[in-house]
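>>> When you get a sec, could you give me coordinates for this:
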Amino acid sequence: MIREGKVLLKVEVPKVVSSEMPVFYNPTMIVNRDISLLIVWAMEGEELVVCDPMGASGVRSLRFLLEVPKVKKVIYNDIDQRAVESFKEHLQINQVPEEKVEIYSEDASLLLRRLRNCHYVDIDPYGSPIPFLDSAVFPVRRGGVLSVTATDTAVLSGTYPSTCQRRYSSKPLLECEFYHEVGIRILIKKVVEEGAKHDYALKPIFSYSYKHHFKVFFRKDIGARRTDKLIEKIGYLLYCTHCLYREGVSLEGVKGQCPHCGHKLLLAGPLWLGELWEKETVERVWSLRGAIELSEETAKLLKKIRRESEVNSLGFYSPSYIARAFKLAQLPPKEFFLKFFEGKPTHFSPEGFRTSLEHGEFLRRLHEFIQRGSRTNP
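Numbers count the residues shown, from 1 in each chain. Take a look at the predicted model:
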């Protein structure tokens, strides 16, 4: 028996996580589940209905029932009957009344097509969420939240660009320091597009990258105008490896040369150019962090994101990339960069920092720093 949050689990903790496990349980995804609970805690209203269509061990469903009092009912589903039987056993172990749960064992996409009026739906597949997105937009009620997890981070971040193009209809960019952020912006773009087909406005309110997965939470609204406003925030990223210039543009704004150094620009997209976090949601989640038994890793991640969300920027800078681009032999500590460029640390990278400075001002300050004594190669 192991414990996660307030849930007792009778499972074997695997040395290697695999989809072939009899009952799938991934202990490294506790951060994923912690933040899911906090997002639901932060939602308005009582007697919420939560849907967990790829329930596996059921630990997420059980934690909702035991740790979030406003959750009235959980809809649990897993296509593997062994997982369903294990979940029923865990309901008894944790003394959860069965009337608080609807249990299914069928294809998740088909179930999602039938369901309606859920306050929260969590899409957390083993791999890409693409097979489920077209169905996932329907069961979420207006004002509700759709959560989407992607573990094909290498695809989204540029290691396999042709696969990213095929799955997400976007070109990634591995050559920049914020390639994981590019990946999460491609994921957001895809979900926004899936909702837009039906005039559903799915606005991202909380995003993060942690180890092998991306996760984004979307609040659902309805209407063509609201949807069009989100679509306007989809565009392309221009990036210069020579001076680290970056800019988000519409299709009409795409250009081939860097306006700062004349170097050839790289292009990624289409992708989401808007905010990664809704500030009010971040603050509410932060204020509720004591409501559940958070893992230490989740607490650290939330602290970083709270600081990072103060700066709304497309991408971030990294000292190692600055050193390589401008041939700097020595670098000051990270704290210098945070102060000198008015930066905030990013959770995407241990050394990266966001700044609201325009790139031209960033270059001016960097050249000032270089002229003040940084050693450079000829």
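
>>> so how far is the longest helix anywhere in the chain off the chain centroid?
As assigned by DSSP state H, the longest helix anywhere in the chain is helix 179-196. Relative to the mean C-alpha coordinate of its chain, helix 179-196 is positioned 9 Å out (Cα atoms, centre = their mean, to the nearest Å).

>>> Can I get it in CSV? Just the C-alpha atoms.
Only the C-alpha atoms of helix 179-196 are listed here, as CSV (Å, rounded to 0.1, in the frame of the first residue of the first chain):
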residue,chain,number,x,y,z
TYR,A,179,12.0,25.2,-27.6
HIS,A,180,9.9,23.7,-24.8
GLU,A,181,7.8,26.9,-24.7
VAL,A,182,7.4,26.8,-28.4
GLY,A,183,6.1,23.2,-28.0
ILE,A,184,3.6,24.2,-25.4
ARG,A,185,2.4,27.1,-27.6
ILE,A,186,1.9,24.7,-30.5
LEU,A,187,-0.2,22.5,-28.2
ILE,A,188,-2.3,25.5,-27.1
LYS,A,189,-2.8,26.4,-30.8
LYS,A,190,-4.1,23.0,-31.6
VAL,A,191,-6.6,22.9,-28.8
VAL,A,192,-7.8,26.4,-29.6
GLU,A,193,-8.3,25.4,-33.2
GLU,A,194,-10.3,22.2,-32.2
GLY,A,195,-12.6,24.3,-30.1
ALA,A,196,-12.9,27.0,-32.8
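
>>> Can you pull out the low-pLDDT segments for the stretch 251-378 of the chain?
373-378 (pLDDT under 70).

>>> What ranges does it have for its helices?
Remark: helices assigned in the stretch 251-378 of the chain by DSSP state H, counting those that start in this stretch are 279-287, 296-308, 319-326, 334-340, 359-371.

>>> Name the surrounding residues that touch the third one.
This means helix 319-326. Helix 319-326 is contacted from outside by 176-177, 241-244, 328-329, 331, 334, 337, 351, 366, 370, 376, using Cβ atoms under 8 Å, 6 or more residues apart in numbering. Heads up, the C-betas are built off the backbone N, CA and C, glycines and all.

>>> That helix vs helix 359-371, what angle?
Here helix 319-326 runs at an angle of 80 degrees relative to helix 359-371 (axes from the mean of the first three to the mean of the last three Cα atoms, to 10 degrees).

>>> Tell me where the protein has strands.
If DSSP state E is used as the criterion, the strands of the chain fall at 2-4, 7-9, 48-52, 71-77, 101-104, 118-123, 140-150, 200-210, 213-222, 234-239, 246-249, 266-272, 343-345, 353-355.

>>> Tell me how many other residues surround residue 367.
Using other Cβ atoms under 10 Å, the number of residues around residue 367 comes to 12.

>>> and what of residue 104?
19.

>>> roughly how far apart are residue 13 and residue 211?
Distance, residue 13 to residue 211, using Cβ to Cβ, to the nearest Å: 17 Å.

>>> Kindly report the same for residue 226.
Residue 226 is 34 Å from residue 211, by Cβ to Cβ.

>>> Between the two, which is the more surrounded one?
Neighbour count, other Cβ under 10 Å: between residue 226 and residue 211, residue 226 has more, with 14 against 11.

>>> and that one, what does it touch?
Listed by Cβ under 8 Å, 6+ apart, the contact set of residue 226 reads residue 201.

>>> and it, how far is that from residue 340?
40 Å.

>>> And residue 66, by the same measure?
The gap separating residue 66 from residue 340 is 48 Å, by Cβ to Cβ.

>>> what about those two, which has more around it?
Per other Cβ under 10 Å, whichever of residue 66 and residue 340 has more neighbours is residue 66, with 18 against 15.

>>> so where's the stretch 1-150 of the chain shaky on pLDDT?
Looking at the stretch 1-150 of the chain by pLDDT under 70, you get 14-22.

>>> just checking, residue 349 touches residue 209?
No: here residue 349 lies out of contact with residue 209, judged by Cβ atoms under 8 Å, at a distance of 9.4 Å.

>>> which residues are in contact with both of those two?
Taking Cβ under 8 Å, 6+ apart as the contact rule, residue 349 and residue 209 both touch residue 180.

>>> and the two? which has more neighbours close in?
residue 209 (23 against 20).

>>> what sits against the more buried one?
Listed by Cβ under 8 Å, 6+ apart, the contact set of residue 209 reads 153, 180, 181, 183, 184, 347, 348.

>>> Who wins on neighbours among these?
residue 183 (30 neighbours).

>>> if you skip the residues just before and after it, what's nearest to that residue?
Nearest residue to residue 183, sequence neighbours excluded (Cβ to Cβ, 6 or more residues apart in numbering): residue 156, at 3.3 Å.

>>> count of residues packed around the one you found?
29.

>>> next one: residue 279
Residue 279: 13 neighbours (other Cβ under 10 Å).

>>> Once you drop chain neighbours, what's closest to it?
residue 309 is the one closest to residue 279 (Cβ to Cβ, 6+ apart), at 6.0 Å.

>>> what about the one you found, distance to residue 342?
In terms of Cβ to Cβ, residue 309 sits 15 Å off from residue 342.

>>> For these two, indicate the residue with more neighbours.
The neighbour count for residue 309 versus residue 342, taken as other Cβ under 10 Å, is higher for residue 309 (22 against 16).
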